[in-house]
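Novice: pasting the sequence and the predicted coordinates here, then a few questions.
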2 protein chains.
Amino acid sequence: MKTQTATRKSFRREGEDKRREDLIAATLQCVAERGLAGATVREIALRADVTPGLIRYYFPAKDDLIGAAYRAVMNRMTVQASDALENADSDPRARLSAFVTANLGAPIMDPHNLSLWAGFIGLVHADPSMAAAHRDGYLGFRDELEALIRDALLAAFKPAEKSVTRRHAIAINAIIDGLWLEGCLAGDIFADGELAETGIAAIEAVLGVSLAIEGGAK
Amino acid sequence: MKTQTATRKSFRREGEDKRREDLIAATLQCVAERGLAGATVREIALRADVTPGLIRYYFPAKDDLIGAAYRAVMNRMTVQASDALENADSDPRARLSAFVTANLGAPIMDPHNLSLWAGFIGLVHADPSMAAAHRDGYLGFRDELEALIRDALLAAFKPAEKSVTRRHAIAINAIIDGLWLEGCLAGDIFADGELAETGIAAIEAVLGVSLAIEGGAK
DNA sequence: GCTCTAATTATGCAAGCGTATAAATACTTG
DNA sequence: CAAGTATTTATACGCTTGCATAATTAGAGC
């Protein structure tokens, strides 16, 4: 008989890139909502509206998908921060200020991003390839920040040798990261924009430079 | 026959407190070495030299053990930082300095602690009881820091109203957290004590107060 | 030293995991 | 429109996981 077998799932063939993106997006959704442990192959497939087997067609092992997802998050945040610079004032001090504000506001300062980041960080210590991915992201961010700092110092006619900018970059990176953390973890106990203002004030103090230019941005 | 059954494991009855501590310590070991995922009931039992069943005798569910372990880490770090104050100078500025140095050096600034912290933080967003545990720890730390800041400001004859100390506490907490992160993640790319020095310099700039007292500590 | 009980071990189960592989099907190409 | 292939589904296997429960035993109290 078998007149009506349980109807096989219909599907479309998506481009390779599209599928990879979808799978990564589904992974991020899982991690954000239920932690790394919630990102099972089956759950990810469900969210991507795909069968589990397909995941292994695009990613040799689950860890590869996880790693790709991690890089995607870091990359997304980096790009969002850089975007803020595109539309920013041309004055280096205003640019630095805009960079900080972008990192300490939506959509970068978001609990989901922290969950993702934290989930992955736990692996950095164990998995060398993850550690490499992390270091690249970190150094890239700090280099970008260091360049902004140098330009801001020069615009204020302050010394900006490498040894100075390096130390400032470390400190200011810490300020941004630390405030980002606070905001992600307990955004509700801070007023809107409070963390960004606090960050800018602290950075101004560290650099000894005012970032608010007359006739300011926008 | 049965002349020699496969020898049942011998054991001693430990006090309830001792056992709990041992189980928590074993859990932390697992998390630190292989991430939260590595902290399975069986592995934890192995490290505690105990059979898996015993864990459920002391902790109704695995999550309860995990939560207890999280609180233990946070508590340990808090206590270690406070200990540094016990043996510190009496000058408030030196005390603040000592507090910062303690948080940015061994044993607090350690990759293992970060792994632990990160693993747990991923759960904060999902599990309300974990979120409560976290907020308590965070606010406790910030309150302690805020008190230190107030005293340091007063010692330097600077205004120290609540609104001022609150904002400073937020910023300085960020500096400490951020540098702690950097150090934990990539301690090897920093010179010894570099992060503590950087932190103190940044904090001095933010407060407008020198923390180095003539005739310094010790 | 016997007894009793609480602490501990031993055993097992059901569920969920990642992965392997074979079968089916939507497209591409001629 | 037929054939071929890359993409996708379906199925299943072996392992590990958290948890339940029964059997044991160490140590306290009389």
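Specialist: Yes, it's here.
Novice: let's verify the residue nearest to A:G208 when sequence neighbours are not counted: helix, strand, or coil?
Specialist: The shortest distance from A:G208 to any non-neighbouring residue, by CB to CB, 6 or more residues apart in numbering or on different chains, is to A:K158 (6.9 Å). C-beta coordinates here come from the backbone N, C-alpha and C atoms, glycine included. Using DSSP: H, G, I helix; E, B strand; the rest coil as the criterion, the local structure at A:K158 reads coil.
Novice: what about A:K158, how many neighbours?
Specialist: Residues within reach of A:K158, counting by other CB atoms under 10 Å in any protein chain shown, total 13.
Novice: which residues touch it?
Specialist: A:K158 sits next to A:207-209 when contact means CB atoms under 8 Å, 6 or more residues apart in numbering or on different chains.
Novice: next, format those as CSV and append secondary structure, pLDDT and neighbour count.
Specialist: Output for the contacts of A:K158, formatted as CSV (DSSP: H, G, I helix; E, B strand; the rest coil; pLDDT from 0 to 100; neighbours: other CB atoms under 10 Å in any protein chain shown):
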residue, secondary structure, pLDDT, neighbour count
A:L207, helix, 97, 22
A:G208, coil, 96, 10
A:V209, coil, 95, 18
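Novice: now flag whichever of the residues you listed is closest to B:A133.
Specialist: For the contacts of A:K158, the minimum distance to B:A133 (CB to CB) is 36.9 Å, reached by A:L207.
Novice: average model confidence for the one helix or strand A:D177 maps to?
Specialist: Using DSSP states H and E, A:D177 falls within helix A:162-186. When the per-residue pLDDT values of helix A:162-186 are averaged, the result is 94.
Novice: which elements pack onto it?
Specialist: For helix A:162-186, the elements it packs on are helix A:92-103, helix A:111-124, helix A:128-155, helix A:194-207, helix B:128-155, helix B:162-186, helix B:194-207, judged by 3 or more CB pairs under 8 Å, 6 or more residues apart in numbering or on different chains; DSSP states H and E.
Novice: determine which of those shows the lowest mean per-residue pLDDT.
Specialist: Across the helices and strands packed on helix A:162-186, helix A:111-124 has the smallest mean pLDDT, namely a mean of 83.
Novice: which SS state does A:I108 fall under?
Specialist: Here A:I108 is recorded as coil under three-state DSSP.
Novice: what residues are up against it?
Specialist: Under the criterion of CB under 8 Å, 6+ apart, the contact list for A:I108 reads A:77, A:80-81, A:102, A:180.
Novice: near DNA strand D, list only the ones from the residues you listed.
Specialist: Among the contacts of A:I108, no residue is within reach of DNA strand D (CB under 7 Å from any atom of the strand).
Novice: in PyMOL, how would I select just the buried ones from those?
Specialist: The following PyMOL selection, which keeps only the buried ones among these, applies the criterion 16 or more other CB atoms under 10 Å in any protein chain shown:
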select buried, chain A and resi 77+81+102+180
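Novice: want to throw the contacts of A:I108 into a markdown table with distance to B:P92?
Specialist: Compiled in a markdown table, those are given as follows (distance: CB to CB, whole Å):
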| residue | distance to B:P92 |
| --- | --- |
| A:M77 | 38 |
| A:Q80 | 41 |
| A:A81 | 37 |
| A:A102 | 36 |
| A:W180 | 29 |
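Novice: from the contacts of A:I108, pick the one nearest chain B.
Specialist: Looking at those and their distance to chain B, the nearest is A:W180, at 8.3 Å (CB to the nearest CB).
Novice: in this structure the closest one contacts A:N103, no?
Specialist: Yes. Between A:W180 and A:N103 there is a contact under CB atoms under 8 Å: 6.2 Å.
Novice: any shared contact partners between the two?
Specialist: Listed as contacting both A:W180 and A:N103 by CB under 8 Å, 6+ apart are A:M109.
Novice: returning to that earlier point: dump the helices and strands packed on helix A:162-186 into JSON lines; add distance to B:R56 as well.
Specialist: What follows is these, written out as JSON lines (distance: least, CB to CB, whole Å):
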{"stretch": "helix A:92-103", "distance to B:R56": "44"}
{"stretch": "helix A:111-124", "distance to B:R56": "25"}
{"stretch": "helix A:128-155", "distance to B:R56": "32"}
{"stretch": "helix A:194-207", "distance to B:R56": "42"}
{"stretch": "helix B:128-155", "distance to B:R56": "18"}
{"stretch": "helix B:162-186", "distance to B:R56": "33"}
{"stretch": "helix B:194-207", "distance to B:R56": "42"}
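Novice: quick one: contacts for A:A152?
Specialist: A:92-93, A:95-96, A:207, A:209, A:211.
Novice: kindly apply the preceding question to A:F120 instead.
Specialist: A:F120 is in contact with A:36, A:66, A:70, A:73, A:130, A:134, counting by CB under 8 Å, 6+ apart.
Novice: next, the residue nearest to A:G208: phi, psi?
Specialist: Note on A:K158: backbone dihedrals following degrees, to the nearest 10 are phi -110, psi 150.
Novice: and it, how far from A:A98?
Specialist: Computed with CB to CB, to the nearest Å, the distance linking A:K158 and A:A98 is 20 Å.
Novice: do the same with A:E182
Specialist: Taken as CB to CB, the spacing of A:E182 relative to A:A98 amounts to 20 Å.
Novice: still on that earlier bit, check the contacts of A:I108 and tell me the two furthest apart.
Specialist: The span of the contacts of A:I108, defined through CB to CB, is set by A:Q80 and A:W180 at 12.4 Å.
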